[in-house]
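Undergrad: Let me see the structure of the following:
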Amino acid sequence: MTNTDVPSPQRRQTRSRTGTTRVPTVKATRACRIKATRKVTTSCNTREDSLSRRFPGLLPNLLGPPLSSSPPPAPAPTPAPAPAPTPTPVPPAVAAAAVVVPSSPPRASSPIPGPSYDLDIEYTLRVNRTTKVKDTAVTTRREFVIWDMEDMVENMVRSPASEVEGRDYRVVAIGVAFRAGWRAKMSRSAYKHKTLTDFVESGDALLSDMDRAAETLRGCDFLEMKVDVKIEVTLLQKAFPRTYANEPSSPGQAITPPPVAAAVPRGSRTTQLLRAESQQETRRSMADLLSSIHERWICHEPLCNNFGHWCWVAFTGEHFAIRPSDGETWTNRINEGRESASVEQPPNQLVAFWRSNTGNQLKVHPHTRKGKGKRRPGSTDSSTEEERKRHRKRVEDLRHRRELQRLEDEEEEREEARQQRKYEQERRCRQRQEDEDEQRQLDDLKRRAREVEAR
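TA: Numbering: from 1, shown residues only. Got it, this is the predicted structure:
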């Protein structure tokens, strides 16, 4: 019995899971195992040859090791040599559909190339509308992620230059502006502005817009970015409160300023109302201060010329009259917080003015309290009398100069009136002479006309 007489094993073809490659399977029979161990010499169209031609390197994996329970194959007799038949040609459709399975596992597919350009980023941090920190960063698009921007902003906030120093802050706005360009050329595209609500939520949209801008500009090799982050720190706004005049200045009592109104656009009606309200509060505070000064410094000294009115009494016992203008100056200095002025102590400039101009209103010795009492009309000392004489003389001189000036003005007016009358007389005389000349010429013409008619 030769190889040609051995019945061929039953074949069946099954479709793989992918549905593209047909893998032949062999029914496990004893005859097949015997045939697989024999040396093929007479035919080239056996099962092993077909699989070897179609799937090189796959046959050992499909057959696997022989079963241990099967008996060893018997040695086959040496067959007679036979002419090798012509191999069956494979149709082109079958050859195209056949998939060559390599012996090594396939490699992973290469990643899709991403955008490739450089990034020049300029960061600006504004704390309470004031620029505090500026920084720059240079990177590439393949290495840049949105978390890098967030980390940079956090580092700027933690830096000592921001003056935040661990205080609670609120992000007011995140503005990003970018434009594409070429490094070899000076031309740039226009900036595109975006406002981010959050780095994480709006980061993907920002990166997409950046890539789209780089793709739009052909040959773009870098992209400029400006990141402007505005934060608000409430504690820094109240770190240096204003000292108001109508509040006690004692160091033990806490100073709480009135609530600050929200910022509104300039020139609006709300701004005008707020300004008017603040002015009214200032006037009310100044009126309260003036009332406190008057209540505190009522003069109770009968020997003072300003008795019953308002006098500031120095530590030396001197009395200085508080006039309305002095009270206004005093309240303004208290409201401004200058010169350590208060209800108990007037400004230093006002005290110096009192000493150099008005003088002491109390005409007794401040320590011995000996004096002539209240002054009677006419009971003045020599210095006051001389001062009054000088003042009277200045008044008389001034009155005399004014009288002379009035007389001179009247004389000038009379002279102007005389000149005007003289000019009018001369004008009327010239007009009368001209009228007479015209009348004389007219009479001559009439007379000549009558003579001509008479002839």
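
Undergrad: Need the pLDDT of residue 120.
TA: What the model reports as pLDDT for residue 120 is 90.

Undergrad: and it, what does it touch?
TA: Residues counted as contacts of residue 120 (CB atoms under 8 Å, 6 or more residues apart in numbering) are 136, 138, 222-225. Placement of C-beta: from N, CA and C, glycine included.

Undergrad: Check residue 232 too.
TA: Residue 232 is in contact with 127-128, 169-170, 172, counting by CB under 8 Å, 6+ apart.

Undergrad: Same check on residue 145?
TA: By CB under 8 Å, 6+ apart, the contact set of residue 145 is empty.

Undergrad: what residue ranges in the stretch 101-250 of the chain score low on pLDDT?
TA: For the stretch 101-250 of the chain, the stretches flagged by pLDDT under 70 are 101-114, 185-188, 237-250.

Undergrad: What ranges does it have for its strands?
TA: Per DSSP state E, counting those that start in this stretch, the stretch 101-250 of the chain carries strands over the ranges 118-127, 130-140, 170-181, 192-196, 222-232.

Undergrad: The protein: helices as residue ranges?
TA: Counting by DSSP state H, the chain has helices at residues 30-37, 47-54, 59-63, 92-97, 146-158, 199-216, 234-237, 269-296, 324-336, 348-353, 382-454.

Undergrad: how about these, which one is nearest residue 305?
TA: helix 382-454 (11.9 Å; CB to CB).

Undergrad: what's the domain layout of the protein?
TA: For the chain, the TED database gives the domain ranges 118-235, 278-358.

Undergrad: and residue 218, how many neighbours?
TA: Neighbour count for residue 218, taken as other CB atoms under 10 Å: 8.

Undergrad: can you give me phi and psi for it?
TA: Phi and psi for residue 218, reported as degrees, to the nearest 10, are phi -70, psi 130.

Undergrad: go on, residue 142?
TA: Backbone torsions of residue 142, given as degrees, to the nearest 10, read phi -70, psi -30.

Undergrad: hang on, it packs against residue 118?
TA: No: in this structure, residue 142 is not within contact of residue 118 by CB atoms under 8 Å, at 10.2 Å.

Undergrad: higher neighbour count, the two?
TA: residue 118 (15 against 11).

Undergrad: The more buried one: what's its closest spatial neighbour, skipping adjacent residues?
TA: Spatial nearest neighbour of residue 118, excluding adjacent residues (CB to CB, 6 or more residues apart in numbering): residue 222 at 4.0 Å.

Undergrad: Do I have it right that that neighbour meets residue 116?
TA: No: using CB under 8 Å, residue 222 makes no contact with residue 116, being 10.5 Å away.

Undergrad: For these two, indicate the residue with more neighbours.
TA: Between residue 222 and residue 116, counting by other CB under 10 Å, residue 222 is the more crowded of the two (16 against 11).

Undergrad: ok, now how distant is that one from residue 152?
TA: Here the criterion is CB to CB, to the nearest Å. By it, residue 222 lies 18 Å from residue 152.

Undergrad: do the same with residue 235
TA: To residue 152, residue 235 is 24 Å away according to CB to CB.

Undergrad: Which positions in stretch 293-302 come out as buried?
TA: 293, 297, 299, 301 (16 or more other CB atoms under 10 Å).

Undergrad: pLDDT score assigned to the first one?
TA: According to the per-residue confidence, residue 293 scores 86 in pLDDT.

Undergrad: got the contact list for it?
TA: Contacts for residue 293 (CB under 8 Å, 6+ apart) come out as 310, 322, 327, 330-331, 343.

Undergrad: how close does it sit to residue 340?
TA: 16 Å.

Undergrad: More neighbours: residue 235 and residue 152, which one.
TA: Using other CB under 10 Å as the criterion, residue 235 and residue 152 rank with residue 152 on top: 18 against 11.

Undergrad: how about the more buried one, what does it touch?
TA: Each residue near residue 152 by CB under 8 Å, 6+ apart is listed here: 121, 123, 135, 137, 227.

Undergrad: Pull out the buried members of those residues.
TA: Among these, those buried by neighbour count (16+ other CB under 10 Å) are 121, 123, 135, 227.

Undergrad: For the third one, give the beta-bridge partners.
TA: So the one you mean is residue 135. Beta bridges link residue 135 to residue 123 when assigned by DSSP bridges.

Undergrad: okay, the strands of the stretch 101-250 of the chain in CSV with distance to residue 421 next?
TA: Output for these, formatted as CSV (distance: least, CB to CB, whole Å):
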stretch, distance to residue 421
strand 118-127, 82
strand 130-140, 79
strand 170-181, 84
strand 192-196, 84
strand 222-232, 83
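
Undergrad: Pull out the buried members of the contacts of residue 293.
TA: 310, 322, 327, 330-331.

Undergrad: circling back to that earlier point, quick one: which of the contacts of residue 232 is nearest residue 210?
TA: Distances from residue 210 to the contacts of residue 232, taken by CB to CB, are shortest for residue 172, at 23.4 Å.

Undergrad: Count the neighbours of that closest one for me.
TA: Neighbours around residue 172, by other CB under 10 Å: 12.

Undergrad: can you tell me how far residue 226 sits from residue 179?
TA: 9 Å.

Undergrad: Need the overlap of contacts for those two.
TA: Counting by CB under 8 Å, 6+ apart, the residues touching both residue 226 and residue 179 are residue 191.

Undergrad: Who does residue 226 form a beta bridge with?
TA: Note on residue 226: beta-bridge partners by DSSP bridges are residue 122, residue 177.
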